[in-house]
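J.: how would this look folded up:
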Amino acid sequence: MAVRPILVIPDQRLRSVADPIVEVDEEIRTLAKDMLDTMYDAPGIGLAAPQIGVMKRIVVIDIAGEGEKPDPMVLINPEIVRFGDEMQVTEEGCLSIPELYYEVERPNAVTVKYTDLDGNEVVKDTEGKLAVCVQHEIDHLDGVLYIDYLSRLKRDRVLKKFEKAARRAG
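T.: As a prediction, this is how the structure comes out:
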């Protein structure tokens, strides 16, 4: 088990666009396992490679609740190919913005296309919690954080808090 450190804002790597993965090889499979170990250890329900400082387009997700059988998903080069019309507001948090939760409005359903660990292309319809998680994690691959959906005032408040903490720790 390899639990890797999770980057926290204002780390600039969280604002960078991740590179596509060209080949699903042993290095990518090991990265996926490390990401799942890190996500479960945190604990969280999703993690994108940039959150551990790896600038590759891969995310891991497991929305199984406590007491439920784990159901991990690994999405390589994921892209949303369809957004549903209905919107939902849910409370989101992020391992890179610890201990803060805000309500965010996103489409309730999305269709995501990705490559799995066996190199197969998968097209999956998602809704509810899974759809929100898929959108949140894919945003990370594009340098977008969930706080970017908040009002400027709230977002600035969050950023100032973490910049101040980083200066104190630095």
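J.: The host helix or strand of residue 160: which residues count as buried?
T.: Assigned by DSSP states H and E, residue 160 belongs to helix 152-169. In terms of neighbour count (16 or more other C-beta atoms under 10 Å), helix 152-169 has its buried residues at 155, 158, 162. (Each C-beta comes from the backbone N, C-alpha and C, glycine too.)
J.: ok, now which ones touch residue 138?
T.: By C-beta atoms under 8 Å, 6 or more residues apart in numbering, the contact list for residue 138 reads 48, 59, 78-80, 112.
J.: State the pLDDT value of the residue nearest the centre of the chain.
T.: Per C-alpha atoms, centre = their mean, the C-alpha nearest to the average position across the chain is that of residue 137, at 2.6 Å. For residue 137, the model assigns a pLDDT of 98.
J.: elements contacting the helix holding residue 160?
T.: Judged by 3 or more C-beta pairs under 8 Å, 6 or more residues apart in numbering; DSSP states H and E, helix 152-169 is in contact with strand 97-107.
J.: After the strand it packs on, which helix or strand is next?
T.: Following strand 97-107 toward the C-terminus (DSSP H and E): strand 109-115.
J.: residues making contact with that following strand?
T.: Strand 109-115 has contacts (C-beta under 8 Å, 6+ apart) with 21, 24, 75-84, 86, 121-128, 131, 134-135, 138.
J.: List buried residues within those.
T.: Using 16+ other C-beta under 10 Å, the buried ones in these are 21, 24, 75-78, 80, 84, 126, 131, 134-135, 138.
J.: Give me the subset of those that lies in strands.
T.: Mapping the buried ones among the contacts of strand 109-115 onto strands (DSSP state E) picks out 75-78, 80, 126.
J.: Nearest to residue 66 among these?
T.: Comparing these against residue 66 with C-beta to C-beta picks out residue 126 as the nearest, at 21.0 Å.
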